[in-house]
Every structure is written in C-alpha cells, then in structure tokens.
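Undergrad: Compute the structure for the input listed below.
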Amino acid sequence: MSTGLILNAVVLGVGMHPGAWRYRRDEAFSSLGLPFYRELGRTAEAGCLHALFLADTLAVGEENFERPNLGAVDPLLALAAIADATTHLGLVGTASTTYNEPFSLARRVSTLDHLSGGRAGWNVVTTFVPDVAANFGDAPLPAPASRYARAEEFVDVVRALWQSWSPRALVGDKAAGVFVDAAQVHVIDHRGEHFSVRGPATLPPSPQGSPVLFQAGSSEAGRALAARTADAVFTAQNTLAGAQAFRADIRARARAFGRDPDRVAVLPGLLAVLGGTEAQARERKRELDALAGDAELRKLALRVGVPVDALELDKPLPFDAIRANTAFKGSEGFRRAALELGLQENLTVREILYRNGGGHLQVVGTPEQVAATIETWHREQGCDGFNLMIDVLPEGLADFTQHVIPHLQKRGLFRSEPVGTTLRSNLGL
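TA: Residues are numbered from 1 along each chain as shown. Predicted coordinates:
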C-alpha cells in the first residue's frame, strides 16, 4: 500500500447535508441527468482524487421524500457515464450482498471495469434498512448474522468468478484462428449454503486484473469480512482515538488472515463545511441547518435507535435507552461513532449534531483547518485517507478540490498527479 494519503469523493444525492438541495444553486432535479455526474467526475479528476464513490439506496424510507434520495440511481450505470468523461479517476459503486446475486453483480462490475480501462471498484455492503426488504418480496430483513454469512459467501463467489480466467487465456491469434485458450478458463462449481454458481465469468480480467474491493461495515462481522477480503475499508469514526483503535484492529485481523496489513486501507468519512474564514464556515453551516429543519436530529435518532423525542438538544444522549434497545438492526458503525463522540467528550445532542456529519467526522472551518485535521489523523495513524462526504454538490466538491487540496499538497501529504492508469495502481495495490 502506498504511504500517500488516499482521498475519494462520495456522492450522496446532491450532498450529505439534509439542507443541500435547498442551498445549492442548481434546479431541484438536475442531479437526475448525465451532466451532473459528468461534472462531478471531471471535478474530482481535476483535483487528482483517487475515486468517485456512489451510494446505492434501495428504499425511500430514510429520506421520506423530504430531500433527494442519497442513492436513487443505479450507481454502476452512472459510473459508466462518468468513465467516458474521465481518464484516470477510480469509479466505486456500492451494491448490497443482501439483495443481489453474485453472478449478475460480478458481471456488471466487471463490465464497468473493462469500459473504464481498469478503474472500477465495488463497495460491499449488507443492507440494514428494514424498508428495503418489502421491495424484494415478503420476507423480513434478515438478522445481522444471517446478512453477513450471506455476504461472506457472496464475496467469495464474486472473487472466484473474477479469477476464473487466467490472463494467459487471451490469445487473439487471427492467423491461427485461436481467440481464447479454453483450457485457461475454468468453471468455479461453487455450491454453498446460499448460492450455487457454476461459472466461469463471461468476461476476462481487466487491465487491473479484477475490481478493487471496498467494504463498509464496522460491526464484529463487518470487521471480519473487511479484514479477510477488502482492499479498502469505509468506516464511520468521530474521534481520533476511535479511528486509531479501529485501524489497528483491522490491521491485526488482516495479519491473522495471513494478509499484509499495509495492503488494507482504512478510510473514515469526513464532512467538511468550508468557508474563507471560520465565521463564514459557521454561517454556511447555520444556513444549511436552518434549511434542513430537524432532519439531522431525526437522522441521529434513527442512527442510535431511539425515538426522536428522546433526544433533548442541550442534554447528553440517553445512553441507557440506547443500550436498552436490543432489537436495534441499524448500522453498528454509525451508532458506535456517535456514542463514542458523546461519551469521550461529554457532549450534548446539539454539540454532537455539530460534530457528527450524518454519522461521520464533521469539520466546520477554513481550508487550512480542514487540511490540518486530515494531516493529524493521517500522521497519527487514524486512517490511510478519507472518503469525503461533500455537504453540497456539485459546488462543495469544487470548493474542496480548489481550496483544501492545495494545502494538502503544500504539506507534502497529497499527490499532484496520478501514478497509474488503473484504480489499483493509483491506490498502490
């Protein structure tokens, strides 16, 4: 793994902040067209970011039509359009192992990998939103243990399919009439608890071999899956101490699986609310919060597993009520990050909302202050980089690349040009 700082931009609707759709300059539904995604791709590439990272949302319950859905479009289709507008930017799409099938997903991600010249990645998630289940049949959302058991097998099948062609299979000898050496392509004949897949894949390896695996999940099962299979781990961390402990844990687990821990990048989310001065940044945050109403409060309640009326702005989180909810099925990572922040720094709910950007580390300040935070976390081994949770799209991404990236480059932290043509090479893999 390269020692350089990794930065990816995460596309969540028209911005991570609930007030983004009202704050942004463009018309309300402009994000549904190709120009929106192509602009984001070009902006991220101009800033020399490693990848653009698209979410995938399979139900409308969390946003409830109050703002644009954070992942309404099929991420792999949108990324294919971005591939045509960029040359070296990585393209990472989220897809659930709970509500997909391994063969079809392996084929779709591999297709993106070929269309982009080896720049694709898959962000592995297990669905934790109960509303999604009703869109795929009558069965309820599986319990976390069942979701991760399926995920473990799902990832193994996908990787086996991607490895079912040897690079030596590609002959292409027109004179001899030999297109592919069939002996170098093998069936996988997988038969497991959840899947039976014969294979082989329909596509050969791409220029990067196979797509890069990201994994998002911080529960015990999520950490195990990440340490065994992932090239990069997307996590929610609100404190440096928590981030350091998480990264150390993932590295130790990777080593226990016989992997080189330096080849597993840990990337927390970071939401920067920028201003030319700290006062201007605080004003931007105030305006966004005013436009969002109580949406951030309701999301925090959902993330920690209590009714919204159990949260009082000027009091601490109701830790006893949160711990008493043994039926909680949401993201353990988001809940743990919020609880650690509140406990370690003795914050009120209002203060947590100011620091907890939709579940991730939030910094409200100048480009210099954001760059300083990034440097501290990176140098203190809290992360290998960040997934940037942009507050308002597309302007927030442009602001970050134009104003924060130069400060990181001056500090010797961030690259000024890509180091290769594939996502793997740019990540140092």
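Undergrad: hey, what's the closest residue to residue 423 other than its chain neighbours bridged with?
TA: The shortest distance from residue 423 to any non-neighbouring residue, by C-beta to C-beta, 6 or more residues apart in numbering, is to residue 90 (3.7 Å). Any C-beta I mention is one placed from the backbone N, CA and C, and that applies to glycine too. Counting by DSSP bridges, residue 90 forms beta bridges with residue 51.
Undergrad: So residue 90 sits against residue 119, correct?
TA: Yes: if you go by C-beta atoms under 8 Å, residue 90 and residue 119 touch, sitting 5.2 Å apart.
Undergrad: overlap in contacts of these two?
TA: 51, 423 (C-beta atoms under 8 Å, 6 or more residues apart in numbering).
Undergrad: What residues of stretch 76-93 count as buried?
TA: Residues of stretch 76-93 classed as buried: 76, 78-83, 85-86, 88-93 (neighbour count, 16 or more other C-beta atoms under 10 Å).
Undergrad: got a list of what the residue nearest to residue 423 touches?
TA: By C-beta under 8 Å, 6+ apart, the neighbours of residue 90 are 8, 50, 51, 52, 119, 120, 121, 212, 423, 426, 427.
Undergrad: Quick check: the gap between it and residue 382.
TA: As judged by C-beta to C-beta, to the nearest Å, residue 90 and residue 382 stand 22 Å apart.
Undergrad: ok, now residue 316?
TA: Going from residue 316 to residue 382 by C-beta to C-beta gives 24 Å.
Undergrad: which one of the two has more residues nearby?
TA: Using other C-beta atoms under 10 Å, the more surrounded residue of residue 316 and residue 382 is residue 382, with 23 against 15.
Undergrad: The more buried one: what's it in contact with?
TA: Taking C-beta under 8 Å, 6+ apart as the test, what residue 382 contacts is 237, 240, 243, 244, 247, 268, 376.
Undergrad: quick one: which of those has the most company?
TA: Result: residue 237 is most packed of the contacts of residue 382 (other C-beta under 10 Å), 30 neighbours.
Undergrad: For that one, give me its contacts.
TA: Residue 237 touches 243, 246, 268, 269, 337, 360, 361, 382, 383, counting by C-beta under 8 Å, 6+ apart.
Undergrad: Show me the shaky parts of the stretch 201-350 of the chain.
TA: Counting by pLDDT under 70, the stretch 201-350 of the chain shows low-confidence ranges at 329.
Undergrad: residue ranges for the strands of it, please.
TA: Listed in chain order, the strands of the stretch 201-350 of the chain (DSSP state E, counting those that start in this stretch) span 212-216, 232-235, 265-274.
Undergrad: So for residue 296, which of the ones you listed sits nearest?
TA: strand 265-274 (11.3 Å; C-beta to C-beta).
Undergrad: Neighbouring strands - and their directions - for the closest one?
TA: Short version: by DSSP bridges, strand 265-274 pairs with strand 232-235 (parallel), strand 360-365 (parallel), strand 385-389 (parallel).
Undergrad: export these to a markdown table and tack on mean neighbour count and distance to residue 143?
TA: Listed next are the strands paired with strand 265-274 as a markdown table, based on neighbours: other C-beta atoms under 10 Å; distance: least, C-beta to C-beta, whole Å:
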| stretch | mean neighbour count | distance to residue 143 |
| --- | --- | --- |
| strand 232-235 | 28 | 22 |
| strand 360-365 | 23 | 26 |
| strand 385-389 | 27 | 27 |
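Undergrad: May I have the host helix or strand of residue 94 exported as PDB, CA atoms only?
TA: Taking DSSP states H and E as the criterion, residue 94 maps to strand 90-96. Output in PDB follows, covering the C-alpha atoms of strand 90-96 (Å, rounded to 0.1, in the frame of the first residue of the first chain):
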ATOM      1  CA  GLY A  90     -11.400   5.500  -9.900                       C
ATOM      2  CA  LEU A  91     -15.100   4.500 -10.100                       C
ATOM      3  CA  VAL A  92     -16.500   2.800  -7.000                       C
ATOM      4  CA  GLY A  93     -20.100   1.600  -6.900                       C
ATOM      5  CA  THR A  94     -22.000   0.400  -3.800                       C
ATOM      6  CA  ALA A  95     -24.000  -2.800  -4.100                       C
ATOM      7  CA  SER A  96     -25.700  -4.900  -1.400                       C
END
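Undergrad: Can you give me the buried ones in the helix or strand just after that strand?
TA: Counting by DSSP H and E, the next helix or strand C-terminal to strand 90-96 is helix 102-115. Going by neighbour count (16+ other C-beta under 10 Å), the buried part of helix 102-115 is 102, 103, 105, 106, 107, 108, 109, 110, 111, 112, 113, 115.
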